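> structure, please.
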Amino acid sequence: MRLRGKKAVVTGAARRIGRAIALDLARRGADLVVHFRTSGEAAASVVREARAIGVTAVAVEADLAAREGVDHLVHEALAAFGRVDILVNNAAVYRPTPFDSLDELAWDEHLAVNLKAPFLLSLALGRGMRRQGEGKIVHLADWAAERPYPGFLPYCVSKAGLVGLVRALALELAPQVQVNAVSPGPILNPVGFTREQIEAIPMRSPLGRLGTPEEIAAAVAFLVAGPDYITGAVLPVDGGRGIAP
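Below you'll find the predicted structure:
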């Protein structure tokens, strides 16, 4: 329970990977801000489970595509706990964007949620962490940041930008705050995708299977609760997909 008493914000924490991360941090003792955009009932379920574990948890609704939503999340987190020790930027937009129909709106949507919001949250909460003398920030990147695939151009670019943000933030916030990323490979099939869309996403990996949300949560916990001598790192949790031909 190394994280007992620590205050954590997890974006996109109501479902799937975000849910697994939030509940894993709760089991390690962290109090939680469970961010969601539309999945209110699912967020409430995470809050109930976290409270049953024995930590304090609150749900905060915010649209991270808008600056007002980011500011609201920061305000509510600080109002709830007075400080934030851990920030996990997990929320993301992931939609097919075929090149022939790609437009500025799709670009702006992906970059706003996947890159600008993590920057703004890190800016606001990272400064507070630096003032208090310690903190951990973990971004959820993607193996596509290094090996983009067709049909998802804004998503791949946003995640490549996020990797650059991790390294730059690590320099800006050192030595008080450690900033790292977990880079998942194929973990869960995207919600709402057709079979054809799923099959179009390359999922080949040397380990021959999809990963699990719990494996991503364990990697996040390693960067949050493990050694403090790691910053600016991108930890692949992709079954070897990044090295596959």
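> Thr11 reaches Ile86, doesn't it?
No. Between Thr11 and Ile86 there is no contact under C-beta atoms under 8 Å: 11.8 Å. The C-beta positions use only the backbone N, C-alpha and C, and glycine is treated the same way.
> pick out whichever of these two has more residues nearby.
Thr11 (30 against 25; other C-beta atoms under 10 Å).
> and for the nearest residue to that one once chain neighbours are set aside, the neighbour number?
What sits nearest to Thr11 in space, not counting adjacent residues and going by C-beta to C-beta, 6 or more residues apart in numbering, is Ala91, at 3.8 Å. The local packing of Ala91 (other C-beta under 10 Å) involves 24 other residues.
> looking at it, Ala91 is touching Ala117, isn't it?
Yes. The pair Ala91 / Ala117 is scored as a contact, 7.0 Å apart, by C-beta under 8 Å.
> mind listing residues that contact the lengthiest strand in the chain?
As assigned by DSSP state E, the longest strand anywhere in the chain is strand 177-184. Applying C-beta atoms under 8 Å, 6 or more residues apart in numbering, the external contacts of strand 177-184 come out as 17, 122, 126, 129-130, 134-143, 145-146, 162-163, 166, 169-170, 173, 211, 216, 219-220, 223, 228, 230-238, 242.
> mind listing which of these are in strands?
Using DSSP E, the contacts of strand 177-184 in strands are 135-140, 234-237.
> ok, so of those residues, who is nearest Arg28?
Nearest to Arg28 among the ones in strands among the contacts of strand 177-184: Lys136, at 12.1 Å, using C-beta to C-beta.
> is it true that that closest one touches Val224?
Yes. With contact defined as C-beta under 8 Å, Lys136 counts as touching Val224 (4.8 Å).
> what's the overlap in contacts for those two?
Ile86.
> ranges for the helices of this protein?
Ranges of helices in the chain, per DSSP state H, are 16-27, 40-53, 67-81, 104-111, 117-132, 153-173, 195-200, 213-225.
> identify each buried residue in the longest one, please.
Residues 153-163, 165-167, 169-170, 173 are the ones in helix 153-173 that count as buried (16 or more other C-beta atoms under 10 Å).
> how about the ones in strands among the contacts of strand 177-184 in TSV, adding neighbour count and distance to Glu104?
Compiled in TSV, those are given as follows (neighbours: other C-beta atoms under 10 Å; distance: C-beta to C-beta, whole Å):
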residue	neighbour count	distance to Glu104
Gly135	24	35
Lys136	24	35
Ile137	29	29
Val138	26	30
His139	29	25
Leu140	25	25
Val234	17	29
Leu235	18	33
Pro236	19	31
Val237	20	32
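> nearest to Arg4 among those?
Lys136 (14.8 Å).
> just the pLDDT at that closest one, thanks.
pLDDT recorded at Lys136 is 98.
> across the sheet, point out what pairs with it.
Beta-bridge partners recorded for Lys136 (DSSP bridges): Ile86, Gln178.
> what's the burial count for Leu105?
9.
> same question for the one 5 residues further on.
Look at His110: counted by other C-beta under 10 Å, it has 25 neighbours.
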